[in-house]
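Student: mind folding the following:
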Amino acid sequence: MDTTTFFLIIIILVAIVLIAVGIYLILVLHEARITLRRFNNILDHVDSIIEILDEKIARPASSLFGVLGLVKEALEVVQNFRKEKKEPSHGETQSSSQ
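Tutor: Just a heads-up that it's a prediction; the model follows:
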């Protein structure tokens, strides 16, 4: 085999490998782009939740009425929790009556 044909075959094989690596790199970058978009959407959602919490809790807490409103809501939640805890559920009343 002639050296020029040998080098030609090697160059063709290297070119094919480089094309395959380039295509794979494009696919990997496309997947990374999709993943970054999803991550960005998640961060936007978390940011909106934090914004809502800031508007509903942090800003009203700076005033006296906001603090009193928060205390009132917390007491209502605790009272509702105690009421639900004291009331037996349907499954408990059926098993105790048998």
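
Student: helices along the protein, start to end?
Tutor: 3-53, 64-86, 90-97 (DSSP state H).

Student: dump those helices into CSV; add mean neighbour count as well.
Tutor: In this view, the C-beta of every residue, glycine as well, is placed from N, C-alpha and C. Listed next are the helices of the chain as CSV, based on neighbours: other C-beta atoms under 10 Å:
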stretch, mean neighbour count
helix 3-53, 10
helix 64-86, 10
helix 90-97, 8
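
Student: what's the least confident stretch among these?
Tutor: The minimum mean pLDDT among the helices of the chain belongs to helix 90-97 (a mean of 49).

Student: which residues touch the most centrally placed residue in the chain?
Tutor: Geometric centre of the chain, nearest residue: residue 42, 4.8 Å, by C-alpha atoms, centre = their mean. Shown in contact with residue 42 (C-beta atoms under 8 Å, 6 or more residues apart in numbering): no residues.

Student: now do it against residue 2, distance only.
Tutor: Using C-beta to C-beta, to the nearest Å, residue 42 is found at 60 Å from residue 2.

Student: residue 45 too?
Tutor: 65 Å.

Student: and what of residue 32?
Tutor: 44 Å.

Student: how about residue 73?
Tutor: 88 Å.

Student: residue 27 too?
Tutor: Distance of residue 27 to residue 2, given as C-beta to C-beta: 38 Å.

Student: cool, and residue 28?
Tutor: 39 Å.

Student: now do residue 11
Tutor: Counting by C-beta to C-beta - residue 11 and residue 2 are separated by 14 Å.

Student: swap in residue 52?
Tutor: In terms of C-beta to C-beta, residue 52 sits 75 Å off from residue 2.

Student: try residue 84
Tutor: Residue 84 sits 89 Å away from residue 2 when distances are taken as C-beta to C-beta.
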